[in-house]
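In: Take a look and give me a structure for this.
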Amino acid sequence: MRGLIWGEKLLSLGLAAVLVAWLDWRSVIRLMIVLGQGHFLLAYFYQFRAGKIGPLYVLNYGFWACLILLVYWMHPFAAGLTAVATVYFAWHMAVDEFYLSELPLRLRSSPLHLGRLLEMLPLMLVYAAAVVDAMLAHGVWREFPELMGPALQLTSLSLLAYVALIGFARYRPDGRSCYFLVAGGCLDVAAKLGWLQQVQAPKLSGFIILFHYFSWYLHYYLSLERGRGVYLRQVALVNVLVLGLYGVFGAEGLGWLLFQEQNFYLWTLMHLISSTRRGDLVGLLRWPGR
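Out: The predicted structure is shown next:
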């Protein structure tokens, strides 16, 4: 079972890495947008099938959609929108990785607690700092203070807190702990050596996002005991439909609503909000073992 999961991770990472390295940053953005709309549509479809889309869901969705559109209409700051959506997506991806690291997939009980939060922080803090610095500190808002230095300092403090948690709470790290700590450590080292800052921001965010798409598709497929053929047909049908719409309209006309870059980030925020689990937010401060 663990071999399947690690094989899935390596395949998803490898495919995302090859695409990001091979394509120029504009093509990475286009691929991220087209595959993203397919990912969002399938997420809504499976939420509907699970009975999660009811009157309260629709009201909540409408409230956040109106609020986000109003704020962006009043303050149309594209770089800020991109940074917020990308960092939020990274959080979404990190949390989902705890779900996508076991078979079968269990979505009804949160695996998060304080220990998991500390394991995620090195990865999240440095990634968020890299994105925000690229969008604001070195982008259109050059007066914005650089965040990489404070992020690396907070990473060190989070690791000290993690060691204390292991000592005082007798928390025992597992394979998922190593997965996040190694990934975060590699990213931190790359930031300290200046390598991370040399990566184009669209490629950095595109890699994380494409990895998430591929990881979800593969893991959901492996979690199914029956109906894998139906699932593959649904994934293929939705993505072919979205690709066809993009091929016909591009980012103009009807396509502008779906595929124009800033509109895509608005759709991304709505996907993230509608996919955020209350149990995960509550679980972040839960003491390990309780």
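In: which residues does the residue nearest to residue 104 when sequence neighbours are not counted contact?
Out: Excluding its sequence neighbours, the residue lying closest to residue 104 (CB to CB, 6 or more residues apart in numbering) is residue 223, at 4.8 Å. C-beta: built from backbone N, CA, C; applies to glycine. Residue 223 is in contact with 103, 104, 105, counting by CB atoms under 8 Å, 6 or more residues apart in numbering.
In: Quick one: the strands in the stretch 101-250 of the chain, in order.
Out: Under the criterion DSSP state E, counting those that start in this stretch, the stretch 101-250 of the chain carries no strands.
In: Helices of that one, residue ranges please.
Out: For the stretch 101-250 of the chain, helices defined by DSSP state H, counting those that start in this stretch occupy the ranges 114-132, 148-168, 175-192, 201-223, 228-249.
In: quick one, which of those helices is nearest to residue 262?
Out: Nearest to residue 262, of all these, is helix 201-223, at 13.6 Å by CB to CB.
In: tell me the contacts of the residue sitting furthest away from the middle of the chain?
Out: Distance to the chain centre peaks in the chain at residue 168, reaching 31.6 Å (criterion: CA atoms, centre = their mean). Contact analysis of residue 168 by CB under 8 Å, 6+ apart lists nothing.
In: From residue 137, how far out is it?
Out: 37 Å (CB to CB, to the nearest Å).
In: circling back: now do the residue nearest to residue 104, the pLDDT please.
Out: Note on residue 223: pLDDT of 88.
In: That one and residue 105: what is the separation?
Out: In terms of CB to CB, residue 223 sits 4 Å off from residue 105.
In: Looking at residue 3 now. What's its pLDDT?
Out: In this model, residue 3 carries a pLDDT of 67.
In: An error on my part: the question was meant for residue 98.
Out: 88.
In: correct me, but it touches residue 175?
Out: No: between residue 98 and residue 175 there is no contact, the gap being 11.3 Å when judged by CB atoms under 8 Å.
In: between these two, which one's more packed in?
Out: residue 98 (19 against 11; other CB atoms under 10 Å).
In: relative to helix 175-192, how tilted is the helix or strand hosting the more buried one?
Out: In the assignment (DSSP states H and E), residue 98 maps to helix 78-99. With axes from the mean of the first three to the mean of the last three CA atoms, to 10 degrees applied, the angle from helix 78-99 to helix 175-192 works out at 150 degrees.
In: Which strands and helices lie in contact with helix 78-99?
Out: helix 114-132, helix 175-192, helix 201-223, helix 261-275 (3 or more CB pairs under 8 Å, 6 or more residues apart in numbering; DSSP states H and E).
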